[in-house]
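*Asks:* Kindly return the folded structure for what I paste below:
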Amino acid sequence: QVQLEESGGGLVQAGGSLRLSCKVSGRRLNNYAIGWFRQAPGKEREFVAVISRFGGTTNYVDSVKDRFIVSRDDAKDTAYLQMISLKPEDTAVYYCAADRYIQLKAKEYDYWGQGTQVTVSS
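*Replies:* Here you go, the predicted structure:
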């Protein structure tokens, strides 16, 4: 059984930066692509970014391109989401999810973390 645990969320002013981490346990990270999603109050869970196994392919939602970077360190079984130039509309609970293949839809992922809150103040 795979477990995922996010960390690194917090409160930041607009224009600031945060780096989220997604620690994988139970199986090695190199078995999985990692997707990042977010969910704001009253809204559906939204795809943010994904990185393939071994990191050769990444994909981002248009609203975060040039501001967010997804990466992975398989030796540490940890994936990352570096976020810069944060905006109030980035405020949400951020989740990481694991699947063997790149998936852009939340329903395709079987394994999820518990989420970490990101709040961007204006």
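
*Asks:* switch to C-alpha atoms for all contacts and neighbour counts from now on
*Replies:* Will do.

*Asks:* Next, the buried residues of whichever strand or helix holds Val12.
*Replies:* Using DSSP states H and E, Val12 falls within strand 10-13. By neighbour count on 16 or more other C-alpha atoms under 10 Å, the buried set for strand 10-13 is Val12.

*Asks:* Give the partner strands of that strand in its sheet and their orientations.
*Replies:* strand 116-121 (parallel) (DSSP bridges).

*Asks:* Could you list the residues in contact with the strand it pairs with?
*Replies:* With contact meaning C-alpha atoms under 8 Å, 6 or more residues apart in numbering, strand 116-121 is reached by 6-14, 86-95.

*Asks:* Tell me which helix or strand comes right after the strand holding Val12.
*Replies:* If you walk from strand 10-13 toward the C-terminus, the next helix or strand you reach (DSSP H and E) is strand 18-25.

*Asks:* chain center to that following strand: distance?
*Replies:* 8 Å (C-alpha atoms, centre = their mean, to the nearest Å).
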